[in-house]
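Trainee: Fold the stuff below for me.
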Amino acid sequence: MRILLILGLCGVAAAHLLLPLGPLREGQSIDPGLADLILVQLRLPRTLLVIGYGAALGVSGAALQAMFANPLASPDISGASSGAALGAVVGGYWLGLTQPLALAACGAIGALGTLAQMEITVEVDDALRLPGVLALISRIPGVRSARRG
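Mentor: Numbering: from 1, shown residues only. Just a heads-up that it's a prediction; the model follows:
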């Protein structure tokens, strides 16, 4: 079953790479190197990048779900998403960074800072770490009132 799934995904990637064929044939008739340029320099890297991103997201999601022993776990549980957003805003607004890689680095630093802060402030047994964090979060008045309403 897994082999069929992998073959199907490879077929979809190949179809994405080669379709539509009409513009490729027209480009080939105008300039013989144009179709090669479109396939090799534009479509192939994008297709490989999509496959790589999908694999990375799948692995990171499975790791989060295994770490929290929760099939619905997401980065929001640990606060990493909020920390990344805060880091990107600080980098863009206060530091004046506009380059995408600089903003991504600020976001990564913000996410890591949030996780490090959680690791430092919550000093409980490893098995009780997540319930301890959730207990701390539930003590915030806005969270408590939002949960009731």
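
Trainee: The longest helix along the chain: what's the following helix or strand?
Mentor: The longest helix of the chain (DSSP state H) is helix 44-68. Next in sequence after helix 44-68, counting helices and strands by DSSP states H and E, comes helix 75-78.

Trainee: Which elements pack onto that following helix?
Mentor: If you count contacts as 3 or more Cβ pairs under 8 Å, 6 or more residues apart in numbering; DSSP states H and E, helix 75-78 packs onto helix 44-68, helix 100-121. Any C-beta I mention is one placed from the backbone N, CA and C, and that applies to glycine too.

Trainee: Now do the last one: which elements does it pack against?
Mentor: The criterion is 3+ Cβ pairs under 8 Å, 6+ apart, and the helices and strands that helix 100-121 contacts are helix 75-78, helix 80-89.

Trainee: among those, which is nearest A13?
Mentor: Each of these has some distance to A13 by Cβ to Cβ; the shortest is helix 75-78, at 26.8 Å.

Trainee: Run the chain-centre distance for the closest one.
Mentor: Helix 75-78 sits 13 Å away from the centroid of its parent chain (Cα atoms, centre = their mean, to the nearest Å).

Trainee: out of the helices and strands packed on helix 75-78, deepest packed?
Mentor: helix 100-121 (a mean of 15; mean count of other Cβ atoms under 10 Å).

Trainee: I'm done for today, thanks for sticking with me.
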